[in-house]
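> Can you look at this prediction? I've put the sequence above it.
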Amino acid sequence: MQGIAADNQNPCQACGACCSYSQNWPRFTTEDDAALDLIPEGFVNERLSGMRCDGDRCSALSGKVGEATSCLIYAVRPEVCRTCMPGDVECAMARKRHGLPVLA
């Protein structure tokens with residue numbers, strides 16, 4: 001799947017490691033109520049503090065980590081998801097956990 005990421009210029013679509021790192025990762029922080037209201041209820045955890053997870057995997061992640069993934073709520077994803085960038089410290093940490101090479 002390496003070719004797909006290169007073609008799309010978005011390595012995240014062939015990764016998803018940050019979305020499968022920890023059930024505490026996709027937390028809400030700086031979102032206002034209007035932004036949170038855009039996230040479908042079924043994807044929000046019971047405490048209303050972040051995204052619902054299945055184990056360590058965000059429930060909004062579709063696909064197989066390390067092969068092909070996408071976010072089912074990409075347009076309204078939380079701020080923590082928006083700030084994680086390909087190749088940053090959090091990305092490297094998540095990729096290592098899944099046995100994926102760190103991005104340059």
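It's in.
> where are the low-confidence patches of this structure?
For the chain, the stretches with pLDDT under 70 are 1-9.
> For it, which segments count as strands?
In the chain, the strands defined using DSSP state E lie at 53-54, 57-58, 61-64, 68-71.
> Redo the ones you listed as CSV? Include mean neighbour count and distance to Met93.
In short, each C-beta sits where N, CA and C put it, glycine included. Listed next are those as CSV, based on neighbours: other Cβ atoms under 10 Å; distance: least, Cβ to Cβ, whole Å:
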stretch, mean neighbour count, distance to Met93
strand 53-54, 16, 17
strand 57-58, 22, 16
strand 61-64, 16, 17
strand 68-71, 17, 17
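> how about those strands in CSV, adding distance to Arg97?
Below are the strands of the chain laid out as CSV (distance: least, Cβ to Cβ, whole Å):
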stretch, distance to Arg97
strand 53-54, 15
strand 57-58, 12
strand 61-64, 15
strand 68-71, 15
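> of all the ones you listed, which lies closest to Asn10?
Checking the strands of the chain against Asn10 by Cβ to Cβ gives strand 68-71 as the closest, at 10.0 Å.
> so how far is Val44 from the spatially closest residue to Gly50 that is not a sequence neighbour?
Leaving out its chain neighbours, the residue that sits closest to Gly50 by Cβ to Cβ, 6 or more residues apart in numbering is Arg27, at 3.7 Å. According to Cβ to Cβ, to the nearest Å, Arg27 stands 11 Å off from Val44.
> ok, those two, which is more surrounded?
Val44 (19 against 15; other Cβ atoms under 10 Å).
> Ser59 is in contact with the more buried one, correct?
No - here Val44 lies out of contact with Ser59, judged by Cβ atoms under 8 Å, at a distance of 9.1 Å.
> list residues touching both of these two?
The overlap between the contact sets of Val44 and Ser59 (Cβ atoms under 8 Å, 6 or more residues apart in numbering) consists of Met51, Arg52.
> Verify the stated contact: Leu103 with Ala14.
No - judged on Cβ under 8 Å, Leu103 makes no contact with Ala14 at a distance of 10.7 Å.
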